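Q: next come a sequence and a model predicted from it.
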Amino acid sequence: MTERELEVWDRLSAVSDPELDEPITDMKFVEQVEITDTDSVLVEFRLPTYWCSPNFAFLMAFGIRAEVSALPWVREVTVRLNDHCFGDEVNAGVNSGRSFHEIFAENCGGAVLGEVVDKFAAKAFDRRQEVVMLAVQALGRSAEQIVAMTLGALRRLRFSGEEELRQLPRYLDLMSERRLAVTDDDLAFPTWQGCAIPAEDLAVHLGRLRSTRINMEFNGALCRGLASARYREVEIGPNGPSLMDFMAGRVPARVASEPGR
């Protein structure tokens, strides 16, 4: 890929499926990125099913447009959601230049975008906090030490596990974005409401976080399975699929050689 294509893909990795808290690039939702000679960018994406929640579709489409538009050289961004029951509404809305909040409420039963974002941000916070808390616990810190740990102390710790190394910066970014912890003296592990966690309640708190994570991991596995089943891409001969392709279930939802795909 060119340097500019890599920049676009890097921005797309900052957009997460709101229900799963996983980057849309990791989930392989992004199908195509095109950059024209006039520095316009087209991003096409597909979701695991035709009926995935319109709320999620709008949030991801808006996120794509916002992230790619932040690149200083980009002059125009077009987002295209393919194969979705709300695709026309999402595409028309996100590319119209109208207020995202207005479009979202208009198409999602009056839902307020900020409230929906907050709901899923809270789940993302829980999932990320659990990973980091368990990593600190594995270093031998007691419940009292964990709940009293400051942001500065957390930043000085050295982790080695792949998941905690992945989630720690995401956890810190979300805390900073929500102003839950900003200075080194702030608590490293507040609740989503910004309250301290009593040491005696840590086990119960971790149990609740675990429940959130299991639910999100289950949904993520389900989405990956549905996407794999829906978009089986195979080589089809020039005369179309054979009888054996149908019998073996190898026929994809769309033929890979279709123009523009």
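A: Structure's in. What do you need? Numbering: from 1, shown residues only.
Q: surely residue 209 touches residue 125?
A: No: look at residue 209 against residue 125 with C-beta atoms under 8 Å: they stay out of range, at 9.3 Å. Every residue, glycine included, has its C-beta placed from N, CA and C.
Q: neighbour count for these two, which is higher?
A: Counted by other C-beta atoms under 10 Å, residue 209 and residue 125 do not tie: residue 125 has more neighbours, with 22 against 19.
Q: isn't the more buried one right up against residue 191?
A: No: taking C-beta under 8 Å as the definition, residue 125 is not a contact partner of residue 191, at 9.1 Å.
Q: ok, which stretches of the stretch 151-261 of the chain are helices?
A: 151-156, 162-177, 202-230, 243-247 (DSSP state H, counting those that start in this stretch).
Q: just the stretch 1-150 of the chain next, same as before
A: Under DSSP H, counting those that start in this stretch, the stretch 1-150 of the chain gives helices at 3-12, 54-69, 87-94, 100-107, 113-138, 143-148.
Q: ok, the closest residue to residue 164 other than its chain neighbours - contacts?
A: What sits nearest to residue 164 in space, not counting adjacent residues and going by C-beta to C-beta, 6 or more residues apart in numbering, is residue 135, at 3.8 Å. Applying C-beta atoms under 8 Å, 6 or more residues apart in numbering to residue 135 gives the contacts 159, 161, 164, 168.
Q: now the stretch 51-200 of the chain, which segments are flagged as low pLDDT?
A: The model of the stretch 51-200 of the chain has no residue with pLDDT under 70.
Q: before we move on, back to that, now for the contacts of residue 135: which two are most distant?
A: The distance between the two most remote of these (C-beta to C-beta) is 9.9 Å, for 161 and 168.
Q: and these two? Which one has more around it.
A: Per other C-beta under 10 Å, whichever of residue 161 and residue 168 has more neighbours is residue 168, with 19 against 13.
Q: ignoring the adjacent residues along the chain, who's closest to that one?
A: In space, and not counting its chain neighbours, residue 168 is closest to residue 132: 5.6 Å by C-beta to C-beta, 6+ apart.
Q: just checking, that neighbour touches residue 165?
A: No: at 10.2 Å, residue 132 does not count as touching residue 165 under the criterion of C-beta under 8 Å.
Q: who has more neighbours, those two?
A: Per other C-beta under 10 Å, whichever of residue 132 and residue 165 has more neighbours is residue 132, with 22 against 13.
Q: what about the closest residue to residue 200 other than its chain neighbours, how many residues nearby?
A: Leaving aside its chain neighbours, residue 200 sits nearest to residue 143 (7.6 Å; criterion: C-beta to C-beta, 6+ apart). Neighbours of residue 143 under the rule other C-beta under 10 Å: 17.
Q: hang on, residue 143 packs against residue 198?
A: No: counting by C-beta under 8 Å, residue 198 is not a contact partner of residue 143; they are 9.2 Å apart.
Q: and stretch 27-45, end to end?
A: 11 Å (C-alpha to C-alpha, to the nearest Å).
Q: contacts for that stretch, please.
A: Outside stretch 27-45, the residues that touch it by C-beta under 8 Å, 6+ apart are 2, 4-5, 8-9, 12, 17, 20, 24, 46-47, 60-61, 64, 68, 73-82, 220, 223-224, 227, 261.
Q: ok, of those residues, which come out buried?
A: By neighbour count, with 16 or more other C-beta atoms under 10 Å, those hold 8, 12, 17, 20, 24, 46-47, 60-61, 64, 68, 74, 77-81, 220, 223-224, 227 as buried.
Q: quick check: residue 119 vs residue 186, distance?
A: Distance of residue 119 to residue 186, given as C-beta to C-beta, to the nearest Å: 24 Å.
Q: next: residue 53.
A: Between residue 53 and residue 186 the computed distance is 34 Å (C-beta to C-beta).
Q: cool, residue 172 as well?
A: For residue 172, the distance to residue 186 equals 11 Å [C-beta to C-beta].
Q: cool, residue 102 as well?
A: As for residue 102, its distance to residue 186 is 35 Å (criterion: C-beta to C-beta).
Q: and what of residue 63?
A: Distance from residue 63 to residue 186, counting by C-beta to C-beta: 27 Å.
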